[in-house]
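Undergrad: here you go, sequence then predicted model.
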Amino acid sequence: MNIFVANLNFKVRSENLKEIFSEYGEVTTARIITERGTRRSKGFGFVEMANEEDAKKAIAALDGAEWEGRTIIVKEALPREDGAAAPAKEAVAE
């Protein structure tokens, strides 16, 4: 499962993401999204976990948690549309 992680401290690196999510299961990939020119963090990233159940546990445990001085947002990522980055899946009120 692909997980969207936002409101990250700009000092957080991909290795840090992998480390914190590994507490909940196997992490396939973890990456921080950076600006092309400056390579500076945009404050969000994606974590891919091998097991969907482990991923859901990580989302439940980490969404709204304080990490590195910031309250992080952790959601299941939406599929990419038209090559744009995919933000988190949100509940839509009908």
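TA: Thanks, I have it.

Undergrad: got the buried residues for stretch 12-19?
TA: Buried residues in stretch 12-19, counting neighbours by 16 or more other Cβ atoms under 10 Å, are found at 12, 14, 16-17. Where you see a C-beta, it was placed from the backbone N, CA and C, and this is true even at glycine.

Undergrad: show me the two of those residues that sit farthest apart.
TA: Val12 and Ser14 (8.5 Å; Cβ to Cβ).

Undergrad: mutual contacts of those two, please.
TA: Applying Cβ atoms under 8 Å, 6 or more residues apart in numbering, one finds that Val12 and Ser14 are jointly contacted by 32, 45.

Undergrad: residues near Ile20, how many?
TA: For Ile20, the neighbour count with other Cβ atoms under 10 Å is 21.

Undergrad: what's whatever helix or strand it lives in in contact with?
TA: Using DSSP states H and E, Ile20 maps to helix 14-22. Helix 14-22 is contacted from outside by 3, 5, 8, 27, 30-32, 45, 47, 49, 58, 62, 67-68, using Cβ under 8 Å, 6+ apart.
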